[in-house]
Structure formats: C-alpha cells, structure tokens
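[1] Next come a sequence and a model predicted from it.
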Amino acid sequence: MTALLVRPVDYFVLAWLMLALASTVWVAWDQFARNPEPSVMRWGFILVTLYGGPLALLVYVLADKEPRPGTHERFVQPLWKQGIGSTVHCIAGDSTGIILAAVITASLGLPMWLDLIVEYATGFAFGLFVFQALFMKNMMGGSYLQNVRRSFVPEFISMNFMMAGMAPTMSLLMMGRDMRAMDPLQLLFWGVMSLGVVVGFVAAYPANVWMVAKGIKHGLMTDRPAGTHFADEAPAKAGDDKHHAHSGSRGRQPTSAQLGAVGLVSVVALAFGMVAPANWVNLRVASRDVGDSIMPPGMISTQDTSGETMRDMAAVLPPANEPARDLHARGDTELVPRVENGVKVFALEAGVVRWTILPGVTVDAYAFNGQVPGPRIRVRQGDRVRIDLTNHLPETTTTHWHGLVLPNPMDGVAHMTQDPIERGGSYHYAFTATQAGTFFYHSHDHVDRQQALGLYGALIIDPANPADDAPADVEQVVQVQEWLVRDGLTFPAMPMEGALPNYFTINGRAWPATERVHLRVGQKLKVRFIGAGTTAVHPMHIHGGPFTVVARDGVALPAAARFEADTINLGPGQRYDVVWPAREAGRWMLHCHITHHTTNDGVETDGGGGLMMEIDVDAAAGP
Ligand SMILES: [Cu+2]
C-alpha cells in the first residue's frame, strides 16, 4: 500500500470526499425525515450527492428540497427543476454502474479503452433496469418489461450524453500525469470519479429537460401519506391521485424525426467523448501496467506513451515512516569487509531513502546501504572479493562492476548474465581484483531509472605494489550525479523532455553543502573523478593552475603519456585520476563548466551551486 497523501492535490481530494460524505448524510436525513418524495427519488439524490458532493447538495436544495411544509408540489413545478429530477435519477443509476465497473475493470487490469466500454454497458444497464424501469413502473403502472421498453430510448439518450461528459474526464485525468487516478485504492481515483459525475450531469441535463417537456421522462414528484393536508397547499390537480406535480405534457409527444435527431446527436457526442481523448493519451494502458506512477510535470505524454515508459520515468513514491537523512549522513563511506577463508566479503543492500542534498532540499533516492553515493569499496590488487547484494527496492535490480575483468556471470547485467534480483532476494558477486585504479559499481537493471536515482558507488583497487601509485598527499573522490526534483517529488533525471535535471551533486551533496578539501601549499591533491552521472558530459575544471592526468578509466598512464590540463570532459562511465599541485594559498574552486550545473534549480547560493567544491590551501608550514 503506497502513501495516499503525496501531492497537494491529494489533500484537496480528501477534503472534497469528506465534504461529499457529510453532504450525503445531510441529504439522506433530510430526504427521509422531511422531504415528501417517492423513495426512488430519495435514493437518486442520495447517490448523486455521494458522487457530486456539495454541488449536488446545492442542486438538491435549490430544486427539490421542500422549502416550507406543504409547498413541494408547487415548488418543483418549473421545467428546469423537472429536468433536474429527470437527470438525477438517470445519473444515480448510470454513475453507480460506471463506478462499480471502473473498480472491477481496474482490478482486472483491463486497458482503459475496454474499461470505458464496460463502464458504458454497466452504467446503461443499471440506469435502465434499476432506476428507469422501476421508477417508470411506479409512476406509470404496467409490467416491468413494458417499462423497460418504454424507458429504453430516453435512457439511451440520457446515458449517451452523460458518458459523453464523463468518459473524456476520466480518460484525460486518469491517463494524464498522475496514474494513481487509475487505482481504486487511491483518493485520486474517487476524486476523478466525482468530477466525472459532475461533468456527466451537466452534459446530460439539456436532453433531460427536453425529454421531460416532451413527456417521455418523468421529473420530480411529491409523495405524501394519504390524508396529509396543509393550509397553504396548492389546490390538488383534479384527478391526479398520485400527486404528480409536473406539468402534464403527455399530449406533446416528440415526433419520430425529433427523437431520431436528438438520438443521433447523443450518439455522436458519446463517440466523440469516448474516442477523442485517444488523440492525446494512450488508452491501451491498464492500471496494472502503470502502478501508481506519477510523471514529471514536463514529460510529453502521447497516445504512444507506454506503461513501461511511465514506470521508468515515474517519481519515487516517498518511503513511509522513513526520516530524512540530514547533512550529517555521509555518502561514499568506506565499507569494511569481513574476511571469510581469505575472501573479502562486502555486504550491500539496495533500498529507498530520503536523502538531503542541500539544506531544505531532500530527495527520495535509491541507495546502497542507505547512503548516496553507495559506500566505497576499496581492495588491493590480487584480493579475492565477494559482494553480497540484497534487494529492498520496490523493483528488481542487479549490480555491475564497471570496467573490471571478471567471470561473465559476475558482470551483473540483468536478463543477460543473470536473472534480475527480486525484491527481498540476493545475489553473490565473486571475483579476483586483477586490475588497479579507479572503478565504480552501479545498477544494471532498469538502469535508466536506478542509477539516476543514486544506485552507484566508488570501487577503488590499490596497486599490489604501492610504489606503482601516483603519489599525492591528499586524495579526494568526486562522483557526479544529476537529480530532478519537482513538486516535492524526485524523478530520475534523463536527457529527455520533461526529465532534465535541476539539481546536481558531488558525492551526494550540492554546493554549498559539498565537502571541502584541505591542504597546504606544496602538497599534491589527487582527485579521482567518477562519471556516475547519466545525463551529460561534465567538463570538470580546477582553478589555480593545471593538473596532471595520471590515469584514465582505471588504467594508469605511463609517464610519457601523462599530460597537463585544467579541464577534463567527464563522460558517463568515465574515470580520470588527476594530480593537482597546491601552488598558492587560498580558496580554490573545483567545478563543472556547464554553468547550469553550478546552480541549484537555477539559483546561485554562496557563488553558485550544484557541481562545485572548495579546495582550501593554507600557506606552507613554517620551518
Ligand atoms: Cu556538468
């Protein structure tokens, strides 16, 4: 069960539904205690208020609720009120059928287009067999079957217009950007149903007024216990022992041409309402295909957008009962192995955490061992290594050891070298570290989504002979990542419309919350750049003079191949080891040179944001 209150709209819908319940209780009490109506109308108003909330309550009070004792007969006479009554008993049956069908089809996992057809058929059946035929039978007499026949055309016309309003409301809102609207266990589903009934009511009202005027539908009626009299009661209509209060119009039956034209337009309206939304949204998607996905606000959703696309790009649903890890929590902490029979064994757990990247900015991240980036795995060349990965994510995962020479079944590619690890499952990755240098590990299942949400970490292999390492006094790992945070939700950042990132982190923090490096003039800093990002090549630049590139992609450059530069293009998957000499005292900047990547959602704080890090150089130690 996912959280119900995730977006501001959820609180609005909750308030609306509570108002609808309260309105329904009041209308039900008022109907049975005070309003002189046949019970089919009472139930009609009660159901319509349940779906339409305070709007239906308003209609009830203005058009049907007896204002003073004994005045109902006269009060409900105007045609517009008769039309309301006719629409209410149509909508009560139709929408009950539609909503029941929607709950059932969503649970069965049918595509939306089929949902709509089943909903139409069920709504029509409910309206015709329950509300119309029974209602007409009570009013007009005759057998039940006669009344089914008599109600068929009016119900057909009314239902067509009702669905012409309700179907596009459901399609466009349910298949829009918050797919929780397709899930009957979510508030949003009931919010959409409520709005759909209101739109359906408005769409069906004009035809109902016309049909009442033409005498082929009934409007509002008064039903009092026999012998009840009031001083100000309107004179009873002669011969009307059933207390019919609507203006008798049975003499003005519609011609077959009129009925045919109205019926035709109702069919056209229905077809338009059912089919037109398919121009904008994918009606082949089923609730089951999309889960409770919430799309990024700017994502382009079309008739081709598949359920898989939506799940890939969807927001991380905030973990329940999970306090955010604040700025004291660190990513990239060194993971301590246990040694079993000479094998260094590391334990990794993938799960969802709330992670603070900046004061006041918290992301819902996929993380190894509750930290972003995942913990640093550091071994020595020649070590036998095993990593036990356990999956606590809401989806399958695997982990790939980027750049390593290892047995193929250990390579971690989902569906190719291994089965994806189910939620709750685990996998043991075992290999011998034959290379030396800067590597990293990352998810290789739903990688478009999972790595972008934080499933990566540094993997550093020290050379067997420490003398082979390029010497430096201070070492700093720099892992870059991009984030998309909108409306308080975290989406995987992608180089795609609506999914481009607006926050950028080094080791899980954005400037000015990034780490600081401290050294003295004359010392050397080794930076291990890791291209853990997934949306851009980051031109990483250090102020205060050039550095020497000593290794690339986990391969040490021989002395003759080393070169000086002040910017390296750190592409996704790439690693660069650079050695930077501290030449002058002061505060020196290390940053990405895509200038937007040095902002936080477009805002600069303390000189920038995102991919920036400060190198503090003190004056050389005195003699
Ligand atoms: Cu950049």
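    Perfect, I can see it now.
[2] For the closest residue to Y205 other than its chain neighbours, list the residues it contacts.
    Spatial nearest neighbour of Y205, chain neighbours left out: T87 (5.0 Å); criterion: CB to CB, 6 or more residues apart in numbering. For every residue, glycine as well, the C-beta is placed using N, CA and C. Contacts for T87 (CB atoms under 8 Å, 6 or more residues apart in numbering) come out as S158, F201, A204, Y205, N208.
[3] any idea how far T87 lies from V480?
    60 Å (CB to CB, to the nearest Å).
[4] returning to what we had before: pick out the most distant pair among the contacts of T87.
    Maximum pairwise distance among the contacts of T87 (CB to CB): 10.5 Å, between S158 and F201.
[5] which of the two has more neighbours?
    Neighbours per residue, other CB atoms under 10 Å: of S158 and F201, the larger number sits with S158, 30 against 27.
[6] so where does that one fall, helix or strand?
    For S158, the host element (DSSP states H and E) is helix 144-174.
[7] Let me know the average pLDDT across that helix.
    In this model, helix 144-174 carries a mean pLDDT of 90.
[8] on that earlier part again, any idea which of the contacts of T87 is the one closest to R386?
    For the contacts of T87, the nearest to R386 is F201 (64.8 Å; CB to CB).
[9] Could I get the phi/psi values of the closest one?
    Main-chain torsions, F201, degrees, to the nearest 10: phi -60, psi -50.
[10] Residue ranges in this structure under the pLDDT threshold?
    Low-confidence segments of the chain, defined by pLDDT under 70: 1-3, 135-136, 226-251, 622-623.
[11] Any idea what the most centrally placed residue in the chain is bridged to?
    Centroid-nearest residue in the chain: I294, 1.2 Å away (criterion: CA atoms, centre = their mean). Residues in a beta bridge with I294, per DSSP bridges, are D178.
[12] Could you pull up the residues touching it?
    V6, R7, R177, D178, M179, R180, A314, A315, L317, L489.
[13] do S194 as well
    Neighbours of S194 in contact, by CB under 8 Å, 6+ apart: W16, L17, A20, Y51, G52, G53.
[14] try 6 Å
    By CB atoms under 6 Å, 6 or more residues apart in numbering, the residues touching S194 are Y51.
[15] returning to what we had before: any idea how far the residue nearest to Y205 is from I46?
    15 Å.
[16] now K526
    75 Å.
[17] just M193 next, same as before
    16 Å.
[18] In the helix or strand containing A207, which residues are buried?
    Counting by DSSP H and E, the element that carries A207 is helix 187-213. Using 16 or more other CB atoms under 10 Å as the test for burial, helix 187-213 gives 187-201, 203-205, 207-213.
[19] Over to stretch 349-360?
    Result for stretch 349-360 [16+ other CB under 10 Å]: buried residues E349, A350, G351, V352, V353, R354, W355, T356, I357, L358.
[20] do stretch 519-535 as well
    519, 523-535.
[21] Tell me the span between the first and last residue of it.
    Counting by CA to CA, to the nearest Å, you get 32 Å between the two ends of stretch 519-535.
[22] Show residues contacting it.
    438, 440, 451-452, 456, 458, 472-482, 493, 495, 501, 540, 570-582, 585, 617-620.
[23] Among those residues, which ones are in strands?
    Taking DSSP state E, the ones among the contacts of stretch 519-535 that sit in strands are 438, 440, 456, 458, 474-482, 540, 570, 575-581, 617-618.
[24] hmm, which of the residues you listed are the buried ones?
    438, 440, 456, 458, 474, 476-482, 540, 570, 575-581, 617.
[25] OK, contacts around G273?
    A164, A167, P168.
[26] Just name the closest of the residues you listed to H591, please.
    Among the contacts of G273, and counting by CB to CB, the member closest to H591 is P168, at 49.2 Å.
[27] Pull the contacting residues for whichever residue of the stretch 301-450 of the chain sits closest to the ion.
    For the stretch 301-450 of the chain, the residue closest to the ion is I357, as judged by CB to the ion, at 15.3 Å. For I357, the contact set (CB under 6 Å, 6+ apart) comprises V363, T505, R509, A510.
[28] do I506 as well
    V478, T514, L611, M613.
[29] From A102, how far out is the residue lying closest to it once chain neighbours are set aside?
    Using CB to CB, 6+ apart and skipping residues adjacent in sequence, the residue nearest I506 is T514, 5.0 Å away. Distance of T514 to A102, computed by CB to CB: 49 Å.
[30] same deal with A92?
    For A92 relative to A102 (CB to CB), the value is 16 Å.
[31] Flag every buried residue along stretch 485-497.
    Neighbour count says stretch 485-497 has V485, L489, T490, F491, P492, A493, M494, M496 buried, by 16+ other CB under 10 Å.
[32] Quick check: the fourth one touching L484?
    In other words, F491. Yes. Using CB atoms under 6 Å, F491 is in contact with L484, at 4.3 Å.
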